[in-house]
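J.: Fold the following for me, if possible:
(2 chains)
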2 protein chains.
Amino acid sequence: MFVKSTVKYIQSLSHKKQRDTDGVFIAEGPKLVEELLSVATVTPREIFATAEWASAHSKYKECISVIDDVSLSRISSLSTPNQVLALFTKPVFGQAFQPGQKLSLLLDAIQDPGNLGTIIRTADWFGIDHIFCSPETADQYNPKVVQSTMGSISRVQVHYTDLTTLIDSFPGEPVFAAALGGKDLYEVKAPSHGFLIIGNESKGISQELLLKASTKITIPGKGRVESLNASVAAAIILAAWTH
Amino acid sequence: MFVKSTVKYIQSLSHKKQRDTDGVFIAEGPKLVEELLSVATVTPREIFATAEWASAHSKYKECISVIDDVSLSRISSLSTPNQVLALFTKPVFGQAFQPGQKLSLLLDAIQDPGNLGTIIRTADWFGIDHIFCSPETADQYNPKVVQSTMGSISRVQVHYTDLTTLIDSFPGEPVFAAALGGKDLYEVKAPSHGFLIIGNESKGISQELLLKASTKITIPGKGRVESLNASVAAAIILAAWTH
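T.: Take a look at the predicted model:
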């Protein structure tokens, strides 16, 4: 039965505190939901879907509540609600971070959910397994982040921690920082492992953290514009280093 | 005087039709507004600012209306209104498109304003002068686009036109398409001029347009994720080809 308390509960999941308490996150739309249903790291807890979607996915009928479009629009945060909204348990990964193996990203207060989602998706494309975020970074389970990751949230491990402490804990990892006035990206040898720090959208990387970087990396441009979008900068460096 | 009709007028500029009729667009916040004030291609028509901002920019006092924070929040579309909102006349550029000189971007129905803004800003970083958009692409003067270009809208010329006709009009320009299943980006020689097509966020490049491409370009990845964000794909190709 689709009742007011269900609507209220789903709305409450727009708050990080509620998501953390319950260990769930929301995903919407057939493409994303079907991708998440296909991976082993996340489990559907409840699925709210139109009759059509539900009948095409009867395998999950035990956790599907069939609802009409009006009800879907009441719980959806999309501008165009799309067939299905699902609550998934947060992903559980088998593999902890191991130094000396791959490049990992360190995000210093990335605040735009769209940027964070795009970074997670791009990292997945280039085979990155771990992203470490400062506590000021947007929450990976924010619905806008989840929607823009396109399912990568189920493959890339996103951790929240103090980044300075993290760097100090792994002294064998070289630390790179995407910053102005550094070495030309295309003149730096691609590292086989290490940390790449990407800074806040307007403030860049905090001074304290920048001091931890052994190499500052700059993407060469034509000097007409002050900076690149954070997710674009991350993508360009990952592309240059992992192809 | 700050009256209801002013509020209504500024709100009406959220619609493309009104912006087109009046030839103006909205920019907000000191950083963006000050950058636009410093360039020759755009002219401020009206500036609404707090007393503090106004007194620091008395040079523009003829077109400044001093307003308080409450009034600013009524006309602002930012979640945190920030000192100043300005109406600028659309940019006027001296230089028309010339084939055979540089790479230009062709955007086939990029619909997310944030993606379009990021693409304009990235193109500016890499020295691109012209972007051609299919009519289905978001409007460059949509306030969300303007805010995410960070001022690049005053330097990069964004045109709206039928892309197939455009390509047919310049048979000397090689046409590249960012698409799956094409040549490895890093195995294609960087072109000195030509068109690079970037497709819609979910549907990619339309079939008709894809047939016009002489070379399909693919960004090599690890195969874990289906696609990259459109603005990320554009950035990676531009970075690879212009450094």
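
J.: For the host helix or strand of A:Leu180, C-alpha coordinates in CSV please.
T.: For A:Leu180, the host element (DSSP states H and E) is strand A:175-184. The C-alpha coordinates for strand A:175-184 follow below in CSV (Å, rounded to 0.1, in the frame of the first residue of the first chain):
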residue,chain,number,x,y,z
VAL,A,175,51.2,12.8,-4.0
PHE,A,176,50.1,14.9,-7.1
ALA,A,177,48.0,18.0,-6.9
ALA,A,178,46.0,19.5,-9.8
ALA,A,179,46.9,23.2,-9.4
LEU,A,180,47.9,26.3,-11.3
GLY,A,181,51.6,27.1,-11.7
GLY,A,182,52.8,23.4,-11.6
LYS,A,183,54.5,21.2,-14.0
ASP,A,184,53.0,20.7,-17.5
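
J.: For A:Ile219, which residues are in contact?
T.: A:178, A:185, A:228, A:233, A:236-237, B:125, B:239 (CB atoms under 8 Å, 6 or more residues apart in numbering or on different chains). For the C-beta atoms, the positions are set from N, CA and C on the backbone; glycine is no exception.

J.: from the residues you listed, which is closest to B:Ser148?
T.: Nearest to B:Ser148 among the contacts of A:Ile219, counting by CB to CB, is A:Leu228 at 11.7 Å.

J.: That closest one is in contact with B:Ile120, isn't it?
T.: No - between A:Leu228 and B:Ile120 there is no contact under CB atoms under 8 Å: 12.0 Å.

J.: ok, those two, which is more surrounded?
T.: A direct count of neighbours by other CB atoms under 10 Å in any protein chain shown for A:Leu228 and B:Ile120 places B:Ile120 higher, at 29 against 23.

J.: what about the more buried one, which SS state?
T.: Classification of B:Ile120 by DSSP: H, G, I helix; E, B strand; the rest coil places it in helix.

J.: who's in contact with it?
T.: B:131, B:140, B:145, B:149, B:152-153, B:156, B:158.

J.: Most neighbours among the residues you listed, please name it.
T.: Scoring the contacts of B:Ile120 on neighbours with other CB under 10 Å, the highest-scoring entry is B:Ile153 at 29 neighbours.

J.: mind listing what that one touches?
T.: Listed by CB under 8 Å, 6+ apart, the contact set of B:Ile153 reads B:25, B:91, B:120, B:140-141, B:145-146.

J.: could you redo these as a markdown table and give each row pLDDT and secondary structure?
T.: What follows is those, written out as a markdown table (pLDDT from 0 to 100; DSSP: H, G, I helix; E, B strand; the rest coil):
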| residue | pLDDT | secondary structure |
| --- | --- | --- |
| B:Phe25 | 97 | strand |
| B:Pro91 | 94 | coil |
| B:Ile120 | 98 | helix |
| B:Gln140 | 97 | coil |
| B:Tyr141 | 97 | coil |
| B:Val145 | 97 | helix |
| B:Val146 | 97 | helix |
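
J.: out of those residues, which one sits closest to chain A?
T.: Nearest to chain A out of the contacts of B:Ile153 is B:Ile120 (CB to the nearest CB; 9.7 Å).

J.: For chain A, which segments count as helices?
T.: For chain A, applying DSSP state H gives helices covering A:4-12, A:16-22, A:30-37, A:51-56, A:69-75, A:113-125, A:143-149, A:163-169, A:207-210, A:230-242.
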